[in-house]
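[1] Compute the structure for the input listed below.
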Amino acid sequence: MDNSLLIQILIYIVQFFNFVWPIFTWGLIIYILSSWLPALRESSFGVFLGKVYEPLLEPFRKLIPPIGGMLDLSPIVLIIILNLFGRGMNEIFKVLFIWLH
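    Down below sits the predicted model:
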């Protein structure tokens, strides 16, 4: 297979990832903020966000219990991990570009 075709495919993957990843992260922020608006959390959109993000938040809630029973730090930890994951993926893509050139 020609390297130019692999590079073109990798470019499409990187563009897709860099388009979808911020949307995914902002969705988490919206889900976190929706806890202040019960009507939003109970809407079909809020339920959808809950189905997407609760499985990701649950392991962190087991590791980091809420402070004072009220302050849940697990979303902050998840945002940091998502940020690091996104940066790591972009570094992997850069290495692949260098390797294919």
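
[2] Just the buried residues of stretch 88-98, please?
    Phe93 (16 or more other CB atoms under 10 Å). In short, each C-beta sits where N, CA and C put it, glycine included.

[3] One more: stretch 47-60?
    For stretch 47-60, the neighbour count (16+ other CB under 10 Å) marks 49, 53, 56-57, 60 as buried.

[4] and those residues, which of them are in helices?
    Among the buried residues of stretch 47-60, the members found in helices (DSSP state H) are 49, 53, 56-57, 60.

[5] would you list those in TSV and tack on pLDDT and distance to Ser4?
    Putting those into TSV (pLDDT from 0 to 100; distance: CB to CB, whole Å) gives the following:
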residue	pLDDT	distance to Ser4
Leu49	95	40
Tyr53	95	39
Leu56	94	37
Leu57	94	42
Phe60	92	42
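
[6] Out of those, flag the one nearest to Ile92.
    The shortest approach to Ile92 among those belongs to Leu56, at 20.8 Å (CB to CB).

[7] which residues sit against the helix or strand bottoming out on mean pLDDT in the chain?
    Sorting the helices and strands of the chain by mean pLDDT, DSSP states H and E puts helix 38-42 at the bottom, at a mean of 89. Contacting residues not belonging to helix 38-42 are listed as 34-35, 46, 50 [CB atoms under 8 Å, 6 or more residues apart in numbering].
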